[in-house]
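Enquirer: Turn this into a model:
(one chain, ligands or ions: 1)
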Amino acid sequence: MFDVNAIRKDFPILHQEVNGKPLVYLDNGATTQKPQCVIDAINDYYNLDNSNVHRGAHTLADRATVAFEDARKGVQQFLNAEHSEEIIWTRGTTESINIVAQSFGSQFIQAGDEIIVTAMEHHANIVPWQMLCERTGAELKVIPVSDAGELDMAAFSEMLSEKVKLVSVVHVSNALGTVNPVADIIEQAHGVGAKVLIDGAQAVAHFPVDVQALKADFYVFSAHKVFGPTGIGVLYGKKALLDQMPPVQGGGEMIEKVSFSGTTYQGLPFKFESGTPNISGAIGLNAALKYLMAQDRDAIATHEDALLKHAHERAAKCDGMKLIGTAENKAGVMSFLLDGAHPADIGMLLDQQGVAVRTGHHCAMPIMDQYEIPGTARASFSIYNTIEEVDALFDAIEKVKMFLM
Ligand SMILES: Cc1ncc(COP(=O)(O)O)c(C=O)c1O
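Expert: Residues are numbered from 1 along each chain as shown. Sure, this is the predicted structure:
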């Protein structure tokens with residue numbers, strides 16, 4: 001049985017007052033809080049095992065290396081990847097996408113090729129492709145999004161041709177909450193020989209992802225949005241593809257042999273991991289994924305759906321409130337506006353009542369432009385949020401309305 005109160009006990013940060021009110025943390029899309037087991041894993045590593053990995057000839061180095069490589073296997077299991085060397089450590093989703101844009105881009109993208117993204121992407125899944133197109137003369141195409149926040153799949157099918165080399169799509173939109181039909185997108189893209197990258201930054205905390213079942217070529221996410229630490233993330237890529245891609249950063253760890261007459265590189269995954277990696281980050285992420293995998297994930301999804309449904313029901317009765325993003329299939333996010341109120345003022349007045357939300361364009365300016373708004377206030381939910389907290393948000397919104405409307 002899923003017990004939200006038991007889950008809440010695992011997250012020490014939640015039990016505090018902010019501005020004299022119990023903290024209601026609804027900014028999980030920006031970053032999730034960390035359970036005690038993650039904090040302990042990082043502490044234990046620094047207290048007991050701290051050492052550099054892969055090259056030490058002593059016990060601490062062995063322990064650190066085993067824990068670090070165990071973490072890679074933990075991610076492999078979490079994503080159901082076929083091989084552990086398909087898991088590349090990065091600094092986060094942004095760096096993962098940039099590595100693919102640079103490496104896959106330099107190997108496989110030429111002038112006249114097309115890359116497809118959607119109108120609801122985070123800037124991290126737009127700008128690297130724009131930079132690649134500038135470098136190569138390829139063209140960036142955009143799948144339109146409806147007023148409800150759903151992809152125009154008919155337009156996508158029309159856009160597909162042999163010119164398309166890569167489709168890069170967000171799994172769950174951070175600005176709208178839309179869950180995109182990524183399996184269908186992957187199947188259609190593969191039909192014309194294109195590869196597909198899925199930005200899973202907002203997906204992995206909410207439901208299980210199986211990269212083999214999806215047949216994703218690349219899948220990327222950030223640890224800090226799935227109860228792990230900041231500064232570390234994952235690039236999953238199919239081995240056969242990563243094997244053909246050149247490294248993008250040179251230095252220690254990624255080489256096999258260095259000489260002034262020529263240098264050779266390591267194989268996967270190390271050719272993409274130059275320099276000392278984020279060891280404590282990997283260990284923290286492994287603890288976070290183990291924590292999540294030990295929960296009943298169906299029950300988590302049911303709980304989070306209930307939070308979102310309750311929020312939407314209250315929103316429907318809340319005069320002057322407008323939801324941005326009303327797709328049929330949504331996860332974790334309620335973006336909203338209040339008549340005549342600037343989102344930044346909404347955020348500030350909610351904070352005064354202990355309620356943490358995010359305001360602004362959510363690094364998704366193009367979709368904000370489509371709605372002709374500067375931004376939204378966004379409440380984003382996680383496993384530890386409660387129905388009472390959704391009610392606290394709406395009680396606080398009523399007070400905001402008295403000030404601003
Ligand atoms: C959908 C999506 N993609 C990419 C990112 C970028 O993640 P990071 O800043 O951890 O690299 C975010 C962060 O908000 C996101 O929500």
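Enquirer: Enumerate the residues of this structure near the ligand.
Expert: 92-94, 122, 124-125, 170, 174, 199, 201-202, 222, 363 (Cβ under 6 Å from any ligand atom). Yep, even glycine has a C-beta here, placed from its N, CA and C like the rest.
Enquirer: same thing but 8 Å
Expert: Residues of the chain found near the ligand, taking Cβ under 8 Å from any ligand atom as the criterion, are 29-30, 91-97, 121-125, 170-174, 199, 201-202, 220, 222, 224-225, 230, 233, 362-363.
Enquirer: The nearest residue to residue 61 once chain neighbours are set aside - how many residues pack around it?
Expert: By the measure of Cβ to Cβ, 6 or more residues apart in numbering, the closest residue to residue 61 outside its immediate chain neighbours is residue 51, 4.3 Å from it. Neighbours of residue 51 under the rule other Cβ atoms under 10 Å: 18.
Enquirer: Is residue 51 in contact with residue 58, as I believe?
Expert: Yes. Under the criterion of Cβ atoms under 8 Å, residue 51 lies in contact with residue 58, with a separation of 7.3 Å.
Enquirer: list the residues that contact both of these two?
Expert: Where contact means Cβ atoms under 8 Å, 6 or more residues apart in numbering, no residue is in contact with each of residue 51 and residue 58.
Enquirer: Residue 249 reaches residue 277, doesn't it?
Expert: No. With contact taken as Cβ under 8 Å, residue 249 and residue 277 are classed as non-touching, separated by 12.0 Å.
Enquirer: Comparing these two, which shows the higher neighbour count?
Expert: Neighbour comparison, residue 249 and residue 277: the larger count goes to residue 277, with 18 against 14 (by other Cβ under 10 Å).
Enquirer: ok, now which ones touch that one?
Expert: 53, 68, 89, 253.
Enquirer: let's go with 6 Å and repeat that
Expert: Residues in contact with residue 277 (Cβ atoms under 6 Å, 6 or more residues apart in numbering) are residue 89.
Enquirer: ok, the residue sitting furthest away from the middle of the chain to residue 75 distance?
Expert: Of all residues in the chain, residue 261 sits farthest from the chain's C-alpha centroid, using Cα atoms, centre = their mean; the distance is 41.3 Å. From residue 261 over to residue 75 the distance is 37 Å, taken as Cβ to Cβ, to the nearest Å.
Enquirer: Helices of the chain, start to end?
Expert: Counting by DSSP state H, the chain has these helices, from start to end: 4-9, 36-44, 59-79, 93-108, 127-136, 153-159, 182-191, 211-214, 239-244, 279-293, 297-316, 343-351, 365-370, 387-404.
Enquirer: Take those helices and lay them out in JSON lines including distance to residue 20 and mean neighbour count.
Expert: Formatted as JSON lines, the helices of the chain follow (distance: least, Cβ to Cβ, whole Å; neighbours: other Cβ atoms under 10 Å):
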{"stretch": "helix 4-9", "distance to residue 20": "20", "mean neighbour count": "14"}
{"stretch": "helix 36-44", "distance to residue 20": "26", "mean neighbour count": "18"}
{"stretch": "helix 59-79", "distance to residue 20": "39", "mean neighbour count": "18"}
{"stretch": "helix 93-108", "distance to residue 20": "35", "mean neighbour count": "22"}
{"stretch": "helix 127-136", "distance to residue 20": "41", "mean neighbour count": "17"}
{"stretch": "helix 153-159", "distance to residue 20": "48", "mean neighbour count": "14"}
{"stretch": "helix 182-191", "distance to residue 20": "43", "mean neighbour count": "18"}
{"stretch": "helix 211-214", "distance to residue 20": "46", "mean neighbour count": "16"}
{"stretch": "helix 239-244", "distance to residue 20": "52", "mean neighbour count": "15"}
{"stretch": "helix 279-293", "distance to residue 20": "31", "mean neighbour count": "23"}
{"stretch": "helix 297-316", "distance to residue 20": "24", "mean neighbour count": "16"}
{"stretch": "helix 343-351", "distance to residue 20": "12", "mean neighbour count": "19"}
{"stretch": "helix 365-370", "distance to residue 20": "33", "mean neighbour count": "17"}
{"stretch": "helix 387-404", "distance to residue 20": "13", "mean neighbour count": "17"}
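Enquirer: Same list as before, those helices that is, but in TSV and with distance to residue 165 and mean pLDDT included.
Expert: Output for the helices of the chain, formatted as TSV (distance: least, Cβ to Cβ, whole Å; pLDDT from 0 to 100):
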stretch	distance to residue 165	mean pLDDT
helix 4-9	43	98
helix 36-44	38	98
helix 59-79	24	98
helix 93-108	6	98
helix 127-136	10	98
helix 153-159	13	98
helix 182-191	10	98
helix 211-214	19	98
helix 239-244	12	98
helix 279-293	31	98
helix 297-316	34	98
helix 343-351	37	98
helix 365-370	22	97
helix 387-404	43	97
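Enquirer: which stretch among those comes nearest residue 334?
Expert: Taking Cβ to Cβ as the criterion, helix 297-316 is the member of the helices of the chain that comes nearest to residue 334, at 4.8 Å.
Enquirer: Contacts for the closest one, please.
Expert: 2, 207-208, 321, 323, 332, 334, 381, 383, 385, 387, 390, 394.
Enquirer: do that again at 8 Å, thanks
Expert: Identification of contacts with helix 297-316 by Cβ under 8 Å, 6+ apart yields 1-2, 4, 177, 206-208, 321, 323, 330-334, 336, 379, 381-383, 385-387, 390-391, 393-394.
Enquirer: Let me know the angle separating that helix from helix 387-404.
Expert: In terms of direction (axes from the mean of the first three to the mean of the last three Cα atoms, to 10 degrees), helix 297-316 departs from helix 387-404 by 30 degrees.
Enquirer: can you give me how far helix 297-316 is from the chain middle?
Expert: Counting by Cα atoms, centre = their mean, to the nearest Å, helix 297-316 is centred 20 Å from the centre of its parent chain.
Enquirer: Once you drop chain neighbours, what's closest to residue 85?
Expert: Here the residue nearest residue 85, using Cβ to Cβ, 6+ apart, is residue 268, at 4.0 Å.
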